[in-house]
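In: I need the structure of the sequence given here:
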Amino acid sequence: DGYLLYLEGVVLKKLDLRSQAVSVLQASVTAVPTLWAAWVELAGLANEYEALDSLQLPQHWMMNFFVAHAFVELKLSDQALETYTSLVAAGFSKSTYLIAQMAIAHHDRRG
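Out: Have a look, this model is predicted:
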């Protein structure tokens, strides 16, 4: 069950068992690709671009939201904006979440 895997991943992350948490959270998003909370926890564990690139993720539209979110967290603003722009073009133009995340990425570019 993807939800139980998510809870297990949160516990493992709290126990600072990072590699196990990553594995379990990857299984969670594979089982339930629309479980955004699991994606967010996973993004918190990908603390550099190489770690993000090495994740085994399901080919699902939620992965694009995750990647863009992770780029914002990693302060990779140009990559985040590129990904968010593609999501807007794909039909999410009225998403207030995307608009807010794009504003954060633009703000971070100024830094």
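In: Which positions in the lowest-mean-pLDDT helix or strand in the chain come out as buried?
Out: Lowest by mean pLDDT, DSSP states H and E among the helices and strands of the chain is helix 49-53, with a mean of 81. Within helix 49-53, the residues scored as buried using 16 or more other C-beta atoms under 10 Å are Leu52. Using the backbone N, CA and C atoms, a C-beta is placed for each residue, glycine as well.
In: before we move on, what about stretch 60-78?
Out: Quick answer for stretch 60-78 (16+ other C-beta under 10 Å): 62, 65-74, 76-77.
In: Could you do stretch 98-111 as well?
Out: Leu98, Gln101, Met102, Ala105, Asp108.
In: ok, for the residue nearest the centre of the chain, nearest residue in space, not its chain neighbours?
Out: For the chain, the residue nearest the mean C-alpha position is Phe66 (2.7 Å; C-alpha atoms, centre = their mean). Nearest non-adjacent residue to Phe66, counting by C-beta to C-beta, 6 or more residues apart in numbering: Trp39, 4.3 Å away.
In: Quickly note the distance from that neighbour to His106.
Out: Applying C-beta to C-beta, to the nearest Å, the value for Trp39 to His106 is 22 Å.
In: if we can go back for a sec, what sits against the residue nearest to the centre of the chain?
Out: Val29, Trp39, Leu42, Ala43, Leu57 (C-beta atoms under 8 Å, 6 or more residues apart in numbering).
In: burial measure for the first one, as a count.
Out: Put plainly, it is Val29. The number of residues packed near Val29 is 28, by other C-beta atoms under 10 Å.
In: go on, the second one?
Out: By the measure other C-beta under 10 Å, the count of residues near Trp39 is 23.
In: try Gln56
Out: 10.
In: where do the helices sit along the chain?
Out: Along the chain, the segments classed as helices by DSSP state H run 2-14, 18-31, 36-45, 49-53, 61-73, 77-87, 96-110.
In: Nearest spatial neighbour of Leu42, chain-adjacent residues omitted?
Out: Leu25 (4.4 Å).
In: would you list the contacts of Phe66 in CSV and tack on distance to Lys13 and pLDDT?
Out: Listed next are these as CSV, based on distance: C-beta to C-beta, whole Å; pLDDT from 0 to 100:
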residue, distance to Lys13, pLDDT
Val29, 14, 98
Trp39, 13, 98
Leu42, 9, 96
Ala43, 11, 95
Leu57, 17, 95
